[in-house]
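Peer 1: missing the sequence, but the structure's below:
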């Protein structure tokens, strides 16, 4: 029994992932970095890259990184919410976690309407929702697999 206590204590530390990740999303939503600032930074840290060269490349490919970040950040948020809700034995945690992610995505876009040089976009909530749905699908499949193949010590 003593061996299971350190594992339980370790797991509790991971409960901080949800509020920390939510804070990361919130604070990145208040940040405005212009394309020129980014190009200047990248050119200063990567040898051989020029500011104008990166700026030109970024004009074409920015959406892959920016919108991809939206998808990934809400995938992680939903996984973290599912993990926390499951640990606290929320009934229907597989419903609450994606709902939490969606409500956070909507509130985050609304929050951005108050940030100068930012704006809330319904399309960003849609992209966030893709990450949320992928996380929900992964959690559902893992739960279904765990129910189909329970660990031997629970029989």
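Peer 2: On my side now, so go ahead. In this text the structure is predicted, and so the values were computed from the model without any measurement. Numbers count the residues shown, from 1 in each chain.
Peer 1: packing partners of the longest helix seen in the chain?
Peer 2: Identified as the longest helix of the chain according to DSSP state H is helix 51-87. Secondary-structure packing of helix 51-87 (3 or more CB pairs under 8 Å, 6 or more residues apart in numbering; DSSP states H and E): helix 17-29, helix 35-45, helix 93-112, helix 122-148. For glycine as for every other residue, the C-beta is placed from the backbone atoms N, C-alpha and C.
Peer 1: now it and helix 122-148, what's the angle there?
Peer 2: Following axes from the mean of the first three to the mean of the last three CA atoms, to 10 degrees, one obtains 40 degrees for the angle between helix 51-87 and helix 122-148.
Peer 1: now do helix 51-87: distance to the chain's middle.
Peer 2: 8 Å (CA atoms, centre = their mean, to the nearest Å).
Peer 1: what about that helix, average pLDDT?
Peer 2: Mean pLDDT, computed over helix 51-87, is 91.
Peer 1: go on, stretch 92-106?
Peer 2: The model assigns stretch 92-106 a mean pLDDT of 94.
Peer 1: please enumerate residues in contact with it?
Peer 2: Under the criterion CB atoms under 8 Å, 6 or more residues apart in numbering, residues 22, 25, 74, 77-79, 81-82, 85-86, 90, 124-125, 128-129, 131-133, 135-136, 139-140, 143 lie in contact with stretch 92-106.
Peer 1: mind redoing it with 6 Å?
Peer 2: Under the criterion CB atoms under 6 Å, 6 or more residues apart in numbering, residues 74, 77-78, 81-82, 85-86, 90, 125, 128, 132, 136, 139-140 lie in contact with stretch 92-106.
Peer 1: out of the helices and strands packed on helix 51-87, which gets nearest to residue 64?
Peer 2: Counting by CB to CB, residue 64 lies closest to helix 122-148 out of these; the figure is 11.6 Å.
Peer 1: helices and strands around the closest one, which ones?
Peer 2: helix 51-87, helix 93-112 (3 or more CB pairs under 6 Å, 6 or more residues apart in numbering; DSSP states H and E).
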